[in-house]
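Asks: What follows is a protein structure lacking sequence information:
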Ligand code: UDP
């Protein structure tokens with residue numbers, strides 16, 4: 001199938017592009033390179049530099065490449081930034097998202113898989129988090145993702161848009177070629193590995209949470225497993241596939257959490273990273289970071305039942321190890 005991946009030069013996008021390409025799909029990347037990296041786009045995949053939120057660019061790309069399905073990974077995705085500059089998040093994630101949905105409708109592209117986030121749940125009142133739990137985002141980032149999810153729903157209802165929504169928990173790890181290289185970097189695993197690399201000190205945000213060791217607990221999923229789920233999801237949006245609705249619609253999005261249903265505390269992550277790199281990593285305990293729920297663990301049963309997906313790289317050693325290997329190879333110049 002001919003797939004357009006928005007944000008295909010970013011972390012999740014570029015690794016998923018590798019999986020789609022290997023599976024024999026024709027992939028085109030649309031990325032404005034504001035946070036993505038040109039060198040993350042593999043050979044054999046065409047890069048269109050531009051924004052999905054630009055109606056003219058989008059219409060040209062959809063038409064020129066005869067796109068059949070869209071994987072929408074592009075987004076502004078920093079929680080802290082979303083709180084100080086909500087305008088940018090509404091403009092890009094919501095405004096841009098409306099342009100994308102409209103562009104697809106006008107071009108007759110009726111299949112989409114969307115990268116959403118566990119942030120749509122806010123602070124869940126219990127874990128593991130199931131997809132039916134109420135959506136109550138506590139930051140602008142999560143709110144803008146929820147808004148796009150709702151748009152997909154109504155487009156499915158009225159226009160038969162076939163869709164899968166993935167709510168990511170904590171994505172980590174690397175392929176041989178692509179890994180996580182954000183600037184600024186806010187995520188735990190890259191920050192721990194950077195401290196190991198540079199012999200600097202990293203900070204664990206808070207140790208007074210209601211968890212066994214007092215630090216927050218998260219559910220880490222290997223980016224390769226995430227990519228595999230996207231491949232299965234794109235296939236499930238086939239017009240003949242009842243999982244995403246009856247032929248001709250109306251269609252409801254298939255919504256799946258993506259995690260491994262296992263939790264690791266921030267201290268455990270540091271300990272695993274120390275084993276992986278083979279030496280102690282300097283760290284201190286700092287104050288809590290605003291808006292961090294104590295525990296976020298996914299129920300990932302639905303992705304298994306509906307898509308036949310199963311995480312293959314479940315150990316934290318494997319996840320952190322792949323990220324470390326990628327860094328040691330020089331981050332591909334990033
Ligand atoms: N965290 C930390 N130090 C860092 C970065 C993150 O202690 O330098 C903590 C953060 O407070 C949270 C966990 O690590 O408890 C995971 O944070 P991350 O930003 O990686 O993902 P999130 O769960 O916020 O999506």
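Replies: Received, thanks. No experiment lies behind these values; they were computed from the predicted model shown.

Asks: which other residues reach stretch 287-300?
Replies: Stretch 287-300 has contacts (C-beta atoms under 8 Å, 6 or more residues apart in numbering) with 79, 83, 118, 122-124, 127-131, 138-139, 167, 169-170, 205-206, 208-211, 216-219, 256-263, 311. Yep, even glycine has a C-beta here, placed from its N, CA and C like the rest.

Asks: Among the residues you listed, the buried ones, what's the ChimeraX command?
Replies: Selecting only the buried entries of the contacts of stretch 287-300 in ChimeraX, with 16 or more other C-beta atoms under 10 Å as the criterion:
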select :79,118,122,124,127,128,129,131,138,139,167,169,170,205,206,209,211,216,217,218,219,256,257,258,259,260,261,262,263,311
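
Asks: pLDDT at the residue in the stretch 151-300 of the chain positioned nearest to the ligand, what is it?
Replies: Closest approach of the stretch 151-300 of the chain to the ligand (C-beta to the nearest ligand atom) occurs at residue 216, with a separation of 3.1 Å. Note for residue 216: predicted pLDDT of 97.

Asks: Verify the contact between it and residue 208 for me.
Replies: No. If you go by C-beta atoms under 8 Å, residue 216 and residue 208 don't touch, sitting 10.6 Å apart.

Asks: Does anything pack onto the helix or strand bottoming out on mean pLDDT in the chain? Which helices or strands?
Replies: The weakest-scoring helix or strand in the chain, judged by mean pLDDT, DSSP states H and E, is helix 79-84 (a mean of 91). Applying 3 or more C-beta pairs under 8 Å, 6 or more residues apart in numbering; DSSP states H and E, one finds that helix 79-84 contacts helix 86-89, helix 140-159.

Asks: Rebuild these as CSV, extending it with distance to residue 55, mean pLDDT and mean neighbour count.
Replies: Formatted as CSV, the helices and strands packed on helix 79-84 follow (distance: least, C-beta to C-beta, whole Å; pLDDT from 0 to 100; neighbours: other C-beta atoms under 10 Å):
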stretch, distance to residue 55, mean pLDDT, mean neighbour count
helix 86-89, 19, 98, 16
helix 140-159, 16, 98, 20
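
Asks: and of those helices, who's closest to residue 301?
Replies: Proximity of the helices and strands packed on helix 79-84 to residue 301 was assessed by C-beta to C-beta; the nearest stretch is helix 140-159, lying at 19.9 Å.
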